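> no sequence for this one, just the structure:
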């Protein structure tokens, strides 16, 4: 449906097991083609909001729409890259095997799966190591393999949880360049704690701390960080220009 937000959250509240609300009366929207960061303190509700967006949790109040429909009907159009992948390094799984996991449940033929895996590996720059053990990859290469796994199902939305958290600075920069390239055809939502990176890499920032506010990155000031995180935070700006829309 043309003009429908990729993600639409309307008056959503959620609590685990009837306890204190993790999210309260949250309303926000992500438009097609955005490159958006989700930031906030630990325990502020970021992971919960991602799970609601992907239909893994149901809100206690309000509604979440993904591509204009309930998430359980459309989450196949989203690719998810988790922060941690728990695996046994002694288990003989190749890079190709890991990426092919992104095709599970699609009911495609083997040739279709091989073709999709090959395209995804090529797009993240890992085609030459597809038969290598996943355990032998560097941290940055593992993240690329997980991104390829998410791309293998041909998503329209890519959601990543702290993709640069466990890689060296050079690999972080390379990963962000890859995500910018993917954003030319995908909507990209990145959960991150790196505020300095947010200030010059993203169109807008979704600030999550029980409630949600969406700001152009130019509006993320030390005062806003104080309100969001508490304590003394500093923001390093790397540019002074933004074409992003205003507050949401």
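Now that the structure is in, tell me what you want to look at. Only a predicted model underlies this, so the values are computations on that prediction, with no experimental measurement involved.

> can you give me the strands in this structure?
7-15, 21-30, 35-39, 61-66, 78-81, 157-161, 187-191, 204-209, 211-216 (DSSP state E).

> and residue 143, which of these is closest to it?
For residue 143, the closest of the strands of the chain is strand 78-81, at 7.5 Å, according to C-beta to C-beta. C-betas here are computed from N, CA, C, even on glycine.

> can you map out the helices along this structure?
Under the criterion DSSP state H, the chain contains helices at 46-53, 71-74, 95-100, 110-124, 139-151, 169-182, 195-201, 222-229.

> What are the contacting residues of the second one?
When you say that, I think you mean helix 71-74. With contact meaning C-beta atoms under 8 Å, 6 or more residues apart in numbering, helix 71-74 is reached by 52-55, 64-68.

> Now which of these would you call buried?
Neighbour-count burial (16 or more other C-beta atoms under 10 Å) is assigned, among the contacts of helix 71-74, to 52-55, 64-67.

> Output the below-cut-off pLDDT ranges for this protein.
The chain contains residues with pLDDT under 70 at 1-2, 84, 218-248.

> still on that earlier bit, mind putting the strands of the chain into JSON lines with distance to residue 107?
Converted to JSON lines, the strands of the chain look like this (distance: least, C-beta to C-beta, whole Å):
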{"stretch": "strand 7-15", "distance to residue 107": "26"}
{"stretch": "strand 21-30", "distance to residue 107": "29"}
{"stretch": "strand 35-39", "distance to residue 107": "31"}
{"stretch": "strand 61-66", "distance to residue 107": "21"}
{"stretch": "strand 78-81", "distance to residue 107": "17"}
{"stretch": "strand 157-161", "distance to residue 107": "21"}
{"stretch": "strand 187-191", "distance to residue 107": "25"}
{"stretch": "strand 204-209", "distance to residue 107": "34"}
{"stretch": "strand 211-216", "distance to residue 107": "36"}
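
> Let me know which of those strands is the nearest to residue 138.
Here strand 78-81 is closest among those (C-beta to C-beta), at 16.4 Å.

> for that closest one, packing partners?
helix 139-151, strand 157-161 (3 or more C-beta pairs under 8 Å, 6 or more residues apart in numbering; DSSP states H and E).

> Now do the longest one against helix 110-124, angle only.
The directions of helix 139-151 and helix 110-124 differ by 140 degrees, with axes from the mean of the first three to the mean of the last three C-alpha atoms, to 10 degrees as the criterion.

> Can you give me the buried ones in helix 139-151?
Neighbour counts over helix 139-151 (16+ other C-beta under 10 Å) mark 140-151 as buried.
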